[in-house]
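Trainee: need the 3D shape of this:
(one chain, ligands or ions: 2)
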Amino acid sequence: MLIKNRRGWEIPESEATPESAFLNRRALMAGGAGLIGASVIGGAQAASPADPTADLYPAKRNDRYKLDRALTDEKFSGDYNNYYEFGTSKSVTGAAAKLKTRPWTVKIDGLVDKPVEIAIDDLIRKMPLEERLYRHRCVEAWSMAVPWTGFPLASLVAMASPKADARYIVMQTFKDPGQAPGQKQFWYPWPYTEGLTVEEAGNDLAFMVTGVYGKPLANQFGAPLRLAVPWKYGFKSVKAIDRITFTNERPKTFWEALQSSEYGFWANVNPEVSHPRWSQAEERVLGTGEMRPTLLFNGYGEYVADLYKNLKGERLWA
Ligand SMILES: Nc1nc2c(c(=O)[nH]1)N[C@H]1C(S)=C(S)[C@@H](COP(=O)(O)O)O[C@H]1N2
Ligand SMILES: [Mo]
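Mentor: Residues are numbered from 1 along each chain as shown. Ligands and ions are numbered 1, 2, ... in the order given. Here you go, the predicted structure:
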């Protein structure tokens, strides 16, 4: 999940552009401002002023979720993103800003009592919005800490009313190669697909994100709706969701479909289980240059370890 090259997932993070070089390049580009243009700069700072839910932000912070580190400044987290629909570099803010996030509907289907397609603003207004400070650990061994705004995934599951035999919840990103040039790269299994067990989806930590830094979500973070499951590697936290399906079959997820020997369904963070091509023992904290030891379940074991205690023989880590 690295770099600008059709076989990027085969290249180790150590060979990917180091952040310092990346930031220098951004600084150079900012100097030649005409190259970037107003939309990029606006996109990095805020969602569209016309966002119909802007009045809901900032939402009240839920203090239950504590950090062991400083929040990452938006100028770093908002300008170093993984969003393959808009390119395989970390610099997707300008391209993603062009995604039309209204009108937007979320289809909820599969093993549910009543399938629905709901307008995003109706969904957001129905749900109990709150702010939570979460860590985020990418499988590429970088991390950040951000103030997400959103609602518990469990509230959406309750609204959907899944049937008793639903075991998995599958979430998909929009598919529109006209807006997302990355989706013209046919060798990727679009649309980006992720999934959780229904039990994981019911865990307190599983969070549907609609905003960040006290504002509606900027496009590069996955507007208008993305997942945050902070005890798992970042690729589980799918962006720009437009379909949620309940099923009794484990889905094949985007990265698993590309390279199942390296990326699996569970993808729980574990510093002791190396990626086949690099160590997961430490992480590079965005914006600080600091290296920190990575924590089991990204430090969220007290919330989630019980979910996995009876799962013998599963590849729980990445
Ligand atoms: N649709 C979609 N969702 C995605 C990705 C992607 O390429 N496309 N990248 C994932 C990865 S690898 C990470 S680390 C996080 C990055 O989230 P951020 O850019 O908000 O930091 O988004 C995840 N969700
Ligand atoms: Mo990632």
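
Trainee: tally of neighbours for Trp104?
Mentor: Around Trp104 there are 18 other residues, counting by other C-beta atoms under 10 Å. For glycine as for every other residue, the C-beta is placed from the backbone atoms N, C-alpha and C.

Trainee: try Glu262
Mentor: Other residues lying near Glu262 total 16 when counted by other C-beta under 10 Å.

Trainee: the nearest residue to it once chain neighbours are set aside - how many residues pack around it?
Mentor: Spatially, and ignoring its direct neighbours in sequence, Glu262 is nearest to Pro276 (5.5 Å; C-beta to C-beta, 6 or more residues apart in numbering). By other C-beta under 10 Å, 9 other residues sit near Pro276.

Trainee: how much space is there between Pro276 and Ser260?
Mentor: Separation of Pro276 from Ser260 (C-beta to C-beta, to the nearest Å) stands at 11 Å.

Trainee: still on that earlier bit, okay but the residue nearest to Glu262 is in contact with Gly264, surely?
Mentor: No - with contact defined as C-beta atoms under 8 Å, Pro276 does not count as touching Gly264 (11.6 Å).

Trainee: regarding stretch 246-263, how distant is the last residue from the first?
Mentor: Taking C-alpha to C-alpha, to the nearest Å, stretch 246-263 runs 22 Å from one end to the other.

Trainee: do it and ligand 1 meet at all?
Mentor: No - Stretch 246-263 is not in contact with ligand 1 by C-beta under 6 Å from any ligand atom; minimum separation 7.3 Å.

Trainee: residue contacts, Cys244?
Mentor: Cys isn't right for residue 244; it's Ile. By C-beta atoms under 8 Å, 6 or more residues apart in numbering, the contact list for Ile244 reads 106-109, 156, 160, 169-172.

Trainee: get me the contact residues on this protein for ligand 2.
Mentor: Within the chain, the positions near ligand 2 by C-beta under 5 Å from the ion are 82, 138, 234-235.

Trainee: also near ligand 1: which of those residues, exactly?
Mentor: Taking C-beta under 6 Å from any ligand atom as the test, ligand 1 is in contact with 82, 138, 234-235 out of the residues of the chain next to ligand 2.

Trainee: between those residues, which is closest to Ala50?
Mentor: Of all these, Asn82 has the smallest distance to Ala50: 26.6 Å, by C-beta to C-beta.

Trainee: just the ones of the residues of the chain next to ligand 2 in strands?
Mentor: When the residues of the chain next to ligand 2 are checked against strands (DSSP state E), there are no matches.

Trainee: closest one of those residues to ligand 1?
Mentor: Closest to ligand 1 out of the residues of the chain next to ligand 2 is Gly234 (2.6 Å), distances taken as C-beta to the nearest ligand atom.

Trainee: what sits against the closest one?
Mentor: Neighbouring residues of Gly234 by C-beta under 8 Å, 6+ apart: 82, 136-139.

Trainee: let's see 6 Å
Mentor: Gly234 is in contact with 136, 138, counting by C-beta atoms under 6 Å, 6 or more residues apart in numbering.

Trainee: I am finished for the moment; much appreciated.
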